[in-house]
Structure formats: structure tokens, C-alpha cells
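> Just need the structure, nothing else, for what follows:
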Amino acid sequence: MRTICIFCASGKEYIAPFASKTDELVSYCSANNISIIYGGAKVGLMGYVADSCHKMNVPITGIITEQIVAHELQHENVSPMHITNDMHSRKKMMYDLSDAFIVLPGSIGTLDEFFEVLCWSKIHIHEKAIGVLNIDGYYDKLIEFIEEKVAQKLMDADILNYFEIDSDVLNLLNKMRQWERPTHSNLTTEREKLKK
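Numbers count the residues shown, from 1 in each chain. The predicted structure is shown next:
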């Protein structure tokens, strides 16, 4: 993993509980010559990630939309900063430029990005590691939801094998380095069901 894409909150409040683990993640990237891709904003945890990268001399690339730039929310000290026409182009560029993905605490945008890269992995569009940094149990309820959908047979039982989750930065990164995407895709499973 040479470049990691970080998904996280753009909301201005409730950053402090996640600052320490975020700094630890950026420090790991600094020590291991890993660069970061993120959504380009200066607000919320996104802005904190960028500021932390600057303090620790971690290369960071921002990818942001024209709409967000129009609201003057882009981080002025991030370079390069790519400006896209829309959210679809923004996310596609973030995904294409990254070797792996880490999900920090966030809101609907973060969940959208997480589930999109998870879906793409599940149907074998990519084979990049996905990690969820579950700081202070932030994503416990989300995992419970996924487990419930598995129990209801609305999600395949192997969905939890398509990403790693941990509350410890080093443990999460080690899991991601060792992760291998399951060889049996969801598309293959559905095709085989139809044959029965």
C-alpha cells in the first residue's frame, strides 16, 4: 500500500474524540512512506487529516467538486488539489488513485463511499483492501446492522470478509496488508443459484 484513500466526516463538530487515532494513522503513513488521498475539504475531520499530514510531512492529494469549492470549503494548503465537475467523478478519481481505503468516523458521505467501494469489491471490480477504523465503537451499530442483514439472508454471509475492522491503527493496517479478496464473487454466486 503506497497510497491510502481516507473517508471521513466533513462536519465541524465532534472531532476531538477522533484526533488521537487520526494522528496515529497519519504517523503510520509518515513512517511507512504512504501518501494520502482525501476529499479536499478544510472542515471537520477531513480538515484535521490534512492539517495532520502537513505537520508530519505526509504527501496528501485533495479531490473536490466545483460545488464545494464555490462554498470556499477547499483546503488552501493541500497540493495537488483536483477539482471535478461532480461527485461521481470525484469518487471515481479518489478510488482510481488509491491502493487501499480507510474509513474514519463520518456521516452519510463517508457511508456512501464505504458502501460503494465495498460493493465494487464484492462484485470484483477492484481488489483493494478496505479498513474501518472503529474508534470508540463508532461503527459498532453499523456492523450489527450488517450482521442482522446477513442473518435475514439479505446480504451474503461472506460480506464481512471483504473489509477489515479494528479499533487499533496498527492492527488494522496489518490486517489490511495481509487481506486477500475472496475468490468467489457475488455475481458467480447469483449465477449458480439460478442454475439450481
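> Which stretches in the chain count as strands?
3-7, 35-38, 60-65, 81-84, 100-103, 129-133, 164-166 (DSSP state E).
> which helices and strands sit right next to the third one?
Contact analysis of strand 60-65 by 3 or more Cβ pairs under 8 Å, 6 or more residues apart in numbering; DSSP states H and E lists strand 35-38, helix 44-55, strand 81-84, helix 87-96 as its packing neighbours. The way it works is simple: take the backbone N, C-alpha and C, and place the C-beta from them, glycine included.
> I'd like these as CSV, with mean neighbour count appended.
As requested, these are exported to CSV (neighbours: other Cβ atoms under 10 Å):
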stretch, mean neighbour count
strand 35-38, 22
helix 44-55, 22
strand 81-84, 17
helix 87-96, 17
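> Columns distance to residue 156 on top of these, output as TSV?
TSV is the format used below for the helices and strands packed on strand 60-65 (distance: least, Cβ to Cβ, whole Å):
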stretch	distance to residue 156
strand 35-38	29
helix 44-55	31
strand 81-84	32
helix 87-96	22
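> Quick one: low-confidence residue ranges for this protein.
Counting by pLDDT under 70, the ranges of the chain that qualify are 186-187, 189-191, 193-196.
> try it again with 80
For the chain, the stretches flagged by pLDDT under 80 are 12-14, 184-196.
> Next one: residue 38 from residue 170, what distance?
Between residue 38 and residue 170 the computed distance is 21 Å (Cβ to Cβ, to the nearest Å).
> residues near the nearest residue to residue 25 once chain neighbours are set aside, how many?
Closest residue to residue 25 apart from its sequence neighbours, by Cβ to Cβ, 6 or more residues apart in numbering: residue 169 at 5.1 Å. When neighbours are counted by other Cβ atoms under 10 Å, residue 169 registers 21.
> could I get the strands of the chain as a markdown table with distance to residue 13?
Below are the strands of the chain laid out as a markdown table (distance: least, Cβ to Cβ, whole Å):
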| stretch | distance to residue 13 |
| --- | --- |
| strand 3-7 | 18 |
| strand 35-38 | 19 |
| strand 60-65 | 21 |
| strand 81-84 | 25 |
| strand 100-103 | 19 |
| strand 129-133 | 19 |
| strand 164-166 | 24 |
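> hmm, back to that, now for the helices and strands packed on strand 60-65, which one comes closest to residue 129?
Ranking these by their distance to residue 129 (criterion: Cβ to Cβ) puts helix 87-96 first, at 12.8 Å.
> Looks like residue 90 contacts residue 63 (just checking).
Yes: counting by Cβ atoms under 8 Å, residue 63 is a contact partner of residue 90 at 5.3 Å.
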